[in-house]
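A.B. asks: Dropping the sequence and predicted coords here.
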Amino acid sequence: MSFQKSDGMNYAPQGKPSPVVKPGEFAFAAVALEHGHIYGQCQGLIEAGGECKYVWDADPEKVRKFQERFPSAQAAPSLEAVLEKDDVKLVAAAAIPNERGPLGCKVMQAGKDYFTDKTPFTTLTQLEEARRVVATTSRKYMVYFSERLHVEASVRADQLIKDGAIGRVVQMMGIGPHRSNPSTRPEWFWSAEKCGGILTDIGSHQFEQFLTYAGVKSATVTNAAVANYHHKDHPEFEDWGESNLQGENGATCYIRIDWLNPQGLRTWGDGRTFILGTKGYMEIRKYLNLAADSEGDHLLLVDDTGEHHIRCHGQVGFPFFGQLILDCLNRTQNAMTQAHAFLAAELALKAQAAARRIE
C-alpha cells in the first residue's frame, strides 16, 4: 500500500502525535475499506489518542493490508459484530460513495458515531434520511473533508482568518485538480450512480472550505457545469466541473475541479485556495510549491504590513481529530457542527443537480 503524494487514492498525511485522551479511553473501528482515505482518517484519530480496535471489510485482502499499517486492529467477522461492540464509540468508513449514507444510518442506529470519507452522500434523499436519523439518535455523522482538515496550511489559514488577519472574507476561489490514474481505479469510480458526479464528490471539499473561511451559514448555487473532456472510454464519468455560490452574508465562491492532472507533477494534484478579504488576501498552496518546492503547506498572505510566506508543514498539526474525539465523548460540536457538514454536502448535491453538461 502506497502512501506517497503521487497517489491520491492512498494519500494519508502523517502529523505529530497530539493525544487528547489517555490510552484506552477512545476505541474506534474501521469498516468498508473501499477508498484509501480510510488510512488518513484512522491515522488522524490515532495521533489524537484514539485506538483503532477493530476492522472489518468483506474483502479479507483489504483487511490484511489495513492490519499491516494498524496492527492493533482486530479483524471482526462482520459489520454487525463491530456494531455490537460496547467499547466502540465511533466507526470510521470509506465505503463506495453511494453506500456511505445508508451505512452511516445503520451505524448511528446502533448507537455509534460515524466518520465517513467525503463525499458523504450521492443523493438528497440519502442526506434527508441521515438528518432524520441524527435527530432521532443524537449520534454524529462527521465527514473527512481532508483538503481542509488534513492540510496544515489550510488549518493555519482558518486560524488567521478567525483572528481577523484579512478582515471580512468576501470571496473564495478553490481549484482541485486530481490525477485519475485509470489503471488503479476500481470499477465503481467510473459510475455516475455510485460516485454521484464530480461536483458531488471532490467538489464537496471546496464547498466545505467556502462555508468555513467565509463564515457562511446558507448559500445558493448560481452556476454549475460539468464535462468529460479526456476519459471518453468511460462515458458516465466527469473529469471537469465548475460552480459558483452566493452566501447569505454576501460572500461569493468559484470552484474548479478536474481529473486532468498531468503525470509530470510531483503530487496527485496542485490544490490551491485563494481567499480575498477586506484587509488582505491569502493563497494556500496545499501539496507543493509548483516548480520550486516539493514540500507542501505553503500559505501566502498579503496585508497592510507586507507580503508573507508562511511555511506550515510540521508546524500546525491537525486539531480536528482531537476535537472530534472530545466531541464524541462530551457530546459537543467543536470540531465541526452537524449543520455545517450537512450543508456542505447539500450544496454539492444541488450544484451537481443543476450542472449543465458541456459536450
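C.D. replies: Thanks, I have the structure now.
A.B. asks: which stretches of the stretch 101-250 of the chain form strands?
C.D. replies: Using DSSP state E, counting those that start in this stretch, the strands assigned to the stretch 101-250 of the chain run over residues 113-117, 141-144, 169-177, 219-227, 240-247.
A.B. asks: and of those strands, who's closest to residue 275?
C.D. replies: strand 169-177 (5.2 Å; CB to CB). Yep, even glycine has a C-beta here, placed from its N, CA and C like the rest.
A.B. asks: between the closest one and strand 240-247, how big is the angle?
C.D. replies: Relative orientation of strand 169-177 versus strand 240-247 (axes from the mean of the first three to the mean of the last three CA atoms, to 10 degrees): 160 degrees.
A.B. asks: Show which residue of the protein lies farthest from the average position.
C.D. replies: Most distant from the centre of the chain: residue 305, at 33.5 Å, with distances by CA atoms, centre = their mean.
A.B. asks: Centre-most residue in the chain?
C.D. replies: Centre-most residue of the chain, counting by CA atoms, centre = their mean: residue 145, 1.8 Å.
A.B. asks: Now do the contacts for that residue.
C.D. replies: By CB atoms under 8 Å, 6 or more residues apart in numbering, residue 145 lies in contact with 118, 204-205, 208-209, 344.
A.B. asks: can you confirm residue 325 is in a strand?
C.D. replies: No: looking at residue 325 with DSSP: H, G, I helix; E, B strand; the rest coil, it is helix, so not inside a strand.
A.B. asks: List the contacts of it.
C.D. replies: If you count contacts by CB under 8 Å, 6+ apart, then residue 325 has 20-21, 26, 45, 48-50, 90 around it.
A.B. asks: Could you do residue 324 as well?
C.D. replies: 45, 48, 90, 115, 142, 335-336.
A.B. asks: before we move on, back to that, need the pLDDT of the residue farthest from the centre of the chain.
C.D. replies: Listed pLDDT for residue 305 reads 97.
A.B. asks: on that earlier part again, hmm, which two among the contacts of residue 145 are most spread apart?
C.D. replies: Farthest pair in those, by CB to CB: 118 and 209, 11.6 Å.
A.B. asks: Ramachandran angles for residue 335?
C.D. replies: Main-chain torsions, residue 335, degrees, to the nearest 10: phi -70, psi -50.
A.B. asks: pretty sure it contacts residue 318?
C.D. replies: No: counting by CB atoms under 8 Å, residue 335 does not reach residue 318; the two are 10.7 Å apart.
A.B. asks: Residue 314: which of the contacts of residue 325 is nearest?
C.D. replies: Among the contacts of residue 325, and counting by CB to CB, the member closest to residue 314 is residue 48, at 16.7 Å.
A.B. asks: surely the closest one meets residue 327?
C.D. replies: No: between residue 48 and residue 327 there is no contact under CB under 8 Å: 11.3 Å.
A.B. asks: if we can go back for a sec, now the contacts of residue 324: which count as buried?
C.D. replies: Neighbour counting by 16 or more other CB atoms under 10 Å classes 45, 48, 90, 115, 142, 335-336 among those as buried.
A.B. asks: picking up where we left off before, how about the residue farthest from the centre of the chain, what does it touch?
C.D. replies: Counting by CB under 8 Å, 6+ apart, residue 305 touches no other residue.
A.B. asks: if I look at it, how far off is residue 166?
C.D. replies: For residue 305, the distance to residue 166 equals 12 Å [CB to CB, to the nearest Å].
A.B. asks: and residue 220, how many neighbours?
C.D. replies: Neighbours of residue 220 under the rule other CB atoms under 10 Å: 11.
A.B. asks: partner residues bridging the nearest residue to it once chain neighbours are set aside?
C.D. replies: Counting by CB to CB, 6 or more residues apart in numbering, residue 246 is the residue found nearest to residue 220 once chain neighbours are left out, at 4.9 Å. When bridges are called by DSSP bridges, residue 246 pairs up with residue 220, residue 252.
A.B. asks: neighbours around residue 246, how many?
C.D. replies: Other residues near residue 246 number 16, with proximity taken as other CB under 10 Å.
A.B. asks: correct me, but it touches residue 219?
C.D. replies: Yes: under the criterion of CB under 8 Å, residue 246 is in contact with residue 219, at a separation of 6.3 Å.
A.B. asks: shared neighbours, the two?
C.D. replies: residue 253.
A.B. asks: Mind jotting down where the helices sit in the stretch 51-200 of the chain?
C.D. replies: Taking DSSP state H, counting those that start in this stretch, the helices of the stretch 51-200 of the chain run over residues 60-69, 79-83, 97-109, 124-137, 146-149, 152-162, 192-195.
A.B. asks: show me what contacts residue 177?
C.D. replies: So residue 177 contacts 257-258, 260-261, 269-271 (CB under 8 Å, 6+ apart).
A.B. asks: Give me the buried entries from these.
C.D. replies: 257-258, 261, 269-271.
A.B. asks: So which of those sit within strands?
C.D. replies: Among the buried ones among the contacts of residue 177, the residues falling in strands (DSSP state E) are 257-258.
A.B. asks: Taking the buried ones among the contacts of residue 177, tell me the two that lie furthest apart.
C.D. replies: 257 and 270 (12.1 Å).
A.B. asks: Residue 258 versus the residue nearest to residue 235 when sequence neighbours are not counted, what's the distance?
C.D. replies: Spatial nearest neighbour of residue 235, excluding adjacent residues (CB to CB, 6+ apart): residue 228 at 7.1 Å. Noted for residue 228: a distance of 11 Å to residue 258, by CB to CB.
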